[in-house]
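Undergrad: A predicted structure for the sequence below; I have some questions about it.
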Amino acid sequence: MNSLFADVAVPLPLFQTFTYSVPDSLGGELQPGCRVLVPFGARHLVGLVTQVHRESREGTVKPILETLDRKPLISPSLLKLGLWVASYYLSPPGEALRVMLPPGLLAKKVALDKDQPVQKFWPTKRYLAVVEMTSVEVKLTARQKEVVQLLSERTLPVAVQPFLREVGCSSSVLQNLVSKGTIRMEELESYRSPWAHSETSPEVQKHELNTDQRRIFEKIDQHLSMNRFHSMLIHGVTGSGKTEIYLNAIASTLARGRSALVLVPEIGLTPQISRYFRAWFGEEVAILHSALSGGERFDQCRRIREGQAHVVVGTRSAVFAPLADLGIIIVDEEHDSSYKQEELPRYHARDVALKRGELEQTLVILGSATPQLETFYNSVHGGGPEYEALNSRILERPLPTVHVVDMRVEFQKRGKAVVLSQQLQESIDERLDRKEQVLILLNRRGYASALLCRSCGSTEMCENCSLSLTYHHDSKRLLCHYCGYLRSVPKRCRACGNEYIHFLGHGTQKVQEILEGLFPKAAIARLDRDTVRRKGSLQRILGAFGSGQTDILIGTQMIAKGHDFPRVTLVGVLTAEQALRMADFRASERTFQLLTQVAGRAGRGENPGEVVIQTYYPEHYSLKHARSQNYRLFFEEEIRFRRNFRYPPFTALANLLVQGRPQTKTRQEAEQVADLLLRQRTRLSAQRRMRVLGPAQAPLEKLKGDYRFQILIKSTNRKELHEVLESAMEELSQKGVKIRKPSIDIDPMNLL
Ligand code: ADP
Ligand code: ZN
């Protein structure tokens, strides 16, 4: 006889699902997408049902213990998407499905005592509120009268806790009013509005679309009416008004009774994005990003699931938002590296968005001023998204003029102490006189980049990572930016005992100090990870700059993101070639993108913008083409390099990292993995289409105490790449070879 079985993904790093039998008592109600409690070895786990099937089966299969959801937590198409992520990125299905759910729903540990039950069903958050005022005629004390008066000035329901805090009274006053029958209190379900922390509704001007914007919008509108998968790349120069197109497209989607998903790199950094969405769509919007507390995230997901919010604006993981009837997915700044998750599952939200669009038959729009090379290539040379360009800024405003200053010449003229070139210094002076604003980019936080001994030449290194420590002036200590290791500054060199210790290179802290010395009258602020650590300080720094209280804002790449500050007319870039020194095939692309994006912050208002880029390497093509802000020319040179060295888009790339300690053992493991890969490659006769490089020491050879070896696989055939990796991993697990922390990165964004 056939009985019912369910395949269950468990939240453990295991590359498979597990089959359980479904007890008769659950048979009728169990659906894929529901959570279940299952026995697993000696413990119990919460897993997600991926499939329910009927078959006859020999042997014993353990039964599911309990269902935890009445309705599936994720829709069939999202489940499909999650399993696609697992197989494409070679990630354990439990881990892939876990990121699709609000935190805590697929817990790794299950407490089995009665006091701490498993989180069952979709939990709701409740709060106590005053819901009614009867004003029954009773005698009240003076304090009670006062509280009744205060309550009557508000619209009901009034949440009890914040009210008590605000008016400074104890809960007994309210309890007494309840017993006298003056007020009634009830527990209500809380749905926090995404705008709970914001002030009043913002004023945002809706613009009449210009000809270019209208042409693209109309195309989008036409695709929306077809209800099927289609993708489009909007390649629009900075300030060309892409956001306005998105907003109109979403309005049109809502009017058709469908919902919209918008991915942005970082919500906190671009508050104006949320302002636009709030003004246009109000409570229709749900916001999802990493700075939300678990509870806030939960509330947002619940509003989406229950159909109260039809527009989701969010960062990376919002690509899995449980929207029904999706009509459009927009990925703004599609080139941004924050879309790539650097831990399991190592997915890229843009590519997941495209897959979701395919599964749910929606339109997918990618937007950028500097598309990722692969996206542009696929779009223009076929097969990829339909290409649309916006070549000029709004209202015919000119792109900024870019000057490149050769710091080698500057060094010969003025010596090594020079941080600001003559040209940049004079340009800043001009802006200060005219009451315009300045952005200075230096992509290195801290005070000095390294502590160098002038006698023996050694630098102070982190004990866990192969990286030099950065000096931070406020704490007067040396810090590792990767593992957080802290050390005081030694009086003498720890290698040779000499006292000639010297601070090398400048970080944002140091440059702020220098600017304050050069421009004593200017108000100068700094934006980097150190200054935004406290909650709310990011908004404060950006707010002060937006309102003109700050004249000069210095910062790391944070200042290059999509900000729209119309009074910025000058952008300065210090050590522009810095990222080129990274041992990474995307170094040139990243440099070009960063320079173009930061240049794009200048001259967005009525006055034209100017950019001064300081560099020791002006000949490099990233700098040459950033000067003319010519994407096409940059693309032509970069694509040649990619073709010659067989990098994406000409190959599919995977980076396999083996890390551990001690070093020799880790290297042996890496070699074993490489051998397996080579053998699998031979089995497929794919030698000519696939290269297996390494193992080699990773550019960051030691991190957090672990030694790191990498194997790079380049294949002109993606299917074969997957096959080789999968069979190699399988062979490893069959042989019981335990590779500690192997990590496979498909389509890596970062080879460090
Ligand atoms: P991008 O995202 O392409 O860099 P934005 O969407 O931020 O550009 O637009 C730049 C500025 O132009 C914004 O201040 C926006 O309000 C304004 N804007 C957009 N479209 C129009 C339009 N059709 N007419 C006038 N101003 C516009
Ligand atoms: Zn470290």
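TA: That came through, no problem. If you're wondering where the values come from, they're calculated on a predicted model, not measured in any experiment. Ligands and ions are numbered 1, 2, ... in the order given.
Undergrad: Could you list the low-confidence segments of the stretch 51-200 of the chain?
TA: Residue ranges of the stretch 51-200 of the chain with pLDDT under 70: 107-125, 190-200.
Undergrad: Try it again at 80.
TA: Applying pLDDT under 80 to the stretch 51-200 of the chain picks out residues 56-59, 102-127, 136-137, 155, 188-200.
Undergrad: Regarding the residue sitting furthest away from the middle of the chain, what are the backbone dihedral angles?
TA: Distance from the centre of the chain peaks at Lys139, with 58.2 Å (Cα atoms, centre = their mean). Dihedral pair for Lys139: phi -80, psi 130, per degrees, to the nearest 10.
Undergrad: ok, it to ligand 1 distance?
TA: Per Cβ to the nearest ligand atom, to the nearest Å, Lys139 is found 59 Å from ligand 1. All C-beta atoms are positioned from the backbone trio N, CA, C, and that covers glycine.
Undergrad: Could you do Ile245 as well?
TA: 8 Å.
Undergrad: residues contacting that residue?
TA: Neighbour list for Ile245: 209, 213, 216-217, 220, 234 [criterion: Cβ atoms under 8 Å, 6 or more residues apart in numbering].
Undergrad: now it: how far from Arg214?
TA: 9 Å (Cβ to Cβ, to the nearest Å).
Undergrad: Quick check: closest non-adjacent residue to the residue positioned nearest the centre of the chain.
TA: Centrality entry for the chain: nearest residue to the mean C-alpha point is Ser338, 3.9 Å, by Cα atoms, centre = their mean. Nearest in space to Ser338, with sequence neighbours left out and distances taken as Cβ to Cβ, 6 or more residues apart in numbering, is Pro265 at 4.6 Å.
Undergrad: So the one you found sits against Lys561, correct?
TA: Yes. Using Cβ atoms under 8 Å as the test, Pro265 is close enough to Lys561 to be in contact (6.6 Å).
Undergrad: Identify the contacts common to the two.
TA: With Cβ under 8 Å, 6+ apart as the test, Pro265 and Lys561 both reach Glu333.
Undergrad: Going by neighbour count, which residues of the helix ranked longest in the chain are buried?
TA: As assigned by DSSP state H, the longest helix anywhere in the chain is helix 663-683. By neighbour count on 16 or more other Cβ atoms under 10 Å, the buried set for helix 663-683 is 666-667, 669-670, 672-674, 676-678, 680-681.
Undergrad: And those residues, which is closest to ligand 2?
TA: Nearest to ligand 2 out of the buried residues of helix 663-683 is Thr666 (Cβ to the ion; 17.5 Å).
Undergrad: for ligand 1, what are the nearby residues on the protein?
TA: 207-210, 213, 236, 238-244, 394-395, 564 (Cβ under 6 Å from any ligand atom).
Undergrad: Where is pLDDT lowest across those?
TA: Among the residues of the chain next to ligand 1, Asp564 carries the weakest pLDDT, at 87.
Undergrad: Now do the same contact list for that residue.
TA: Per Cβ under 8 Å, 6+ apart, neighbours of Asp564: 239, 272, 604.
Undergrad: isn't there a strand covering it?
TA: No. Applying DSSP: H, G, I helix; E, B strand; the rest coil, one finds Asp564 to be coil, outside a strand.
Undergrad: Distance of it relative to ligand 2?
TA: According to Cβ to the ion, to the nearest Å, Asp564 stands 37 Å off from ligand 2.
Undergrad: Need the phi and psi values for that residue.
TA: Dihedral angles (degrees, to the nearest 10) for Asp564: phi -130, psi 80.
Undergrad: Likewise for the one 3 residues further on?
TA: Here is the backbone geometry of Arg567 (degrees, to the nearest 10): phi -90, psi 0.
Undergrad: now swap in the one 4 residues further on and tell me
TA: The main-chain torsion angles of Val571 are listed as degrees, to the nearest 10 and equal phi -120, psi 130.
Undergrad: what bridges to it?
TA: Beta-bridge partners for Val571, by DSSP bridges, are Leu439, Val611.
Undergrad: Looking at it now. What's its pLDDT?
TA: 97.
Undergrad: so it touches Leu442, yeah?
TA: No. At 11.8 Å, Val571 does not count as touching Leu442 under the criterion of Cβ under 8 Å.
Undergrad: between these two, what contacts are shared?
TA: Contacts common to Val571 and Leu442, judged by Cβ under 8 Å, 6+ apart, are absent.
Undergrad: what helix or strand is the residue nearest to Leu101 when sequence neighbours are not counted on?
TA: The shortest distance from Leu101 to any non-neighbouring residue, by Cβ to Cβ, 6+ apart, is to Leu73 (6.2 Å). Per DSSP states H and E: Leu73 is located in neither a helix nor a strand.
Undergrad: Might one say that Leu73 is in contact with Leu48?
TA: Yes. Between Leu73 and Leu48 there is a contact under Cβ under 8 Å: 7.3 Å.
Undergrad: how far away is the residue of the stretch 601-750 of the chain found nearest ligand 2 from Gln663?
TA: Among the residues of the stretch 601-750 of the chain, Lys704 lies closest to ligand 2, at 6.3 Å counting by Cβ to the ion. Distance, Lys704 to Gln663, using Cβ to Cβ: 14 Å.
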